[in-house]
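Peer 1: need a 3D model of the following:
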Amino acid sequence: MTLAINQNPKPMSNIRDVARLADVSVATVSRALSNPEKVSPGSLAKVHAAIAELSYKPNMLARNFRSARAYAVLVMVPDIANPFYSLFIRALEDRAQQKGYAVLLGDTRGTPERELEYIRRVETRLADGIIQLRPSSEKSQNIIPPDVPCVNACGCEFTSGPAIRIDNRKAAKMMVDYLISLGHKRIGVISGLRDNPHAIDRLAGYKDALEEAGIPFDKDLIAEGDFTMWSGLNAAFQFCNMDVKPTAIFSMNDEMAIGAMQTLKSNGFRIPEDISVTGFDDISYAKYSDPSLTTISQPAEEMGKLAMDMLLKMIEGEPLSQRECVLPTEFIIRKSTAPVKK
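Peer 2: Modelled structure (predicted):
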């Protein structure tokens, strides 16, 4: 039997190739891998770009490299434009700097392919651990290797692994309970994508409140969005075109609620006189919208600090006192809600 042998195999990249492509010294590349805090941000960015282009992987079997610490953590963000995440990241970065760590941001756009690109940075020791902001659950895909220190900071009830979360189902029920107490029985919902764990939990809370009040669930009152302002603006047209319109709307985040209010007002609805609107998250725009938005406030800054503290313990090999931390939410009543008009 004859074996075909590739006479011209593609040579593996080495640290000199990285240095040459990044236009820095080999010593700078070495420092970027072992002590990134000692490398200027500009040089560090060039080294990371060269490593990604060359698919360079340092020798993980080398004992000195295995013991090296990058003193950096990777934060994987599904939507870097979301104002809620900006609050979280700012608090996390403040805590990281206090502990001598840098923060690398990865805009994954919620796709496994982009997540894998960033996970490789941890596998090649460009970062020591991961904070995942994409909500995960029993049914959602988890592609992070089990030996990589990771904290899910926007988890749901059945998130596997260390997690920081709120009780989305309970918070959503609280909001819908409030609308029912104002006399609203026909309550529309602007949801996130139907397979999003947060949307699933918040819809369950909506249904809990209806069931407790003896109000039948009507699937026609659910308009699907994707947590963006644009999707909320479009979803509200579904309610405007109904023969029997809802008297209130529960939006699963503030951005969609603010978008929906624009559509409602442009179609002649007064808020809250004709229709009440509520949100979720309490982003900074919520208090300045017209009218100001009744919403659920998530403790974004506390979540960021706790996530960083939990991840550092894992990196240092310290035991976690608790693998899941469920933080309380705050119910904020503003001017976008009122008793149902009789």
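Peer 1: my guess is Val39 meets Ala32, correct?
Peer 2: Yes: contact criterion C-beta atoms under 8 Å: Val39 and Ala32 qualify, at 4.9 Å. C-beta here means a position set from N, CA and C on the backbone, and glycine is covered the same way.
Peer 1: please enumerate the shared neighbours of the two.
Peer 2: Val47 (C-beta atoms under 8 Å, 6 or more residues apart in numbering).
Peer 1: higher neighbour count, the two?
Peer 2: Ala32 (27 against 22; other C-beta atoms under 10 Å).
Peer 1: middle-most residue in the chain, spatially?
Peer 2: In the chain, the residue lying closest to the centroid (C-alpha atoms, centre = their mean) is Leu133, at 3.4 Å.
Peer 1: my guess is that residue meets Leu87, correct?
Peer 2: No: using C-beta under 8 Å, Leu133 makes no contact with Leu87, being 11.7 Å away.
Peer 1: ok, Asp220 - contacts?
Peer 2: Asp220 neighbours (C-beta under 8 Å, 6+ apart): Met242.
Peer 1: related to what we said a few turns ago, now do the residue nearest to the centre of the chain against Ala153, distance only.
Peer 2: 6 Å (C-beta to C-beta, to the nearest Å).
Peer 1: hey, what's in contact with both of the two?
Peer 2: In contact with both Leu133 and Ala153: Phe88, using C-beta under 8 Å, 6+ apart.
Peer 1: okay, now the domains of the chain?
Peer 2: Using automatic domain parsing, the domain parsing of the chain gives 11-67, 168-298.
Peer 1: for this protein, which residues score under the pLDDT cut-off?
Peer 2: Within the chain, the stretches with pLDDT under 70 are 1-12, 34-35, 37, 58-68, 136-142, 156-160.
Peer 1: all strands for it, in order.
Peer 2: 72-77, 102-107, 129-132, 150-152, 163-166, 187-191, 222-224, 248-251, 276-278, 295-297, 324-327, 330-332 (DSSP state E).
Peer 1: please identify the most buried of those strands.
Peer 2: strand 248-251 (a mean of 29; mean count of other C-beta atoms under 10 Å).
Peer 1: against which helices or strands is it packed?
Peer 2: Helices and strands touching strand 248-251, by 3 or more C-beta pairs under 8 Å, 6 or more residues apart in numbering; DSSP states H and E, are helix 168-181, strand 187-191, helix 229-240, helix 254-266, strand 276-278.
Peer 1: these two touch, right, Gly292 and Ile332?
Peer 2: Heads up, residue 292 is Ser, not Gly. No: Ser292 lies out of contact with Ile332 (C-beta under 8 Å); the separation is 9.3 Å.
Peer 1: which neighbours do those two share?
Peer 2: With C-beta under 8 Å, 6+ apart, Ser292 and Ile332 have common neighbours Ala286.
Peer 1: tell me how far Ile89 lies from Ala307.
Peer 2: Counting by C-beta to C-beta, the gap from Ile89 to Ala307 is 10 Å.
Peer 1: comparing these two, which residue is more hemmed in?
Peer 2: Neighbours per residue, other C-beta under 10 Å: of Ile89 and Ala307, the larger number sits with Ala307, 27 against 21.
Peer 1: do I have it right that that one meets Val151?
Peer 2: Yes: with contact defined as C-beta under 8 Å, Ala307 counts as touching Val151 (5.0 Å).
Peer 1: name the residues contacting each of those two.
Peer 2: Ile131, Ile164.
Peer 1: list the buried residues in stretch 199-214.
Peer 2: Ala199, Ile200, Asp201, Arg202, Leu203, Gly205, Tyr206, Lys207, Asp208, Ala209, Leu210 (16 or more other C-beta atoms under 10 Å).
Peer 1: report the distance from that stretch to the chain centre.
Peer 2: 23 Å (C-alpha atoms, centre = their mean, to the nearest Å).
Peer 1: again with stretch 88-99
Peer 2: Counting by C-alpha atoms, centre = their mean, stretch 88-99 comes out at 16 Å from the chain centroid.
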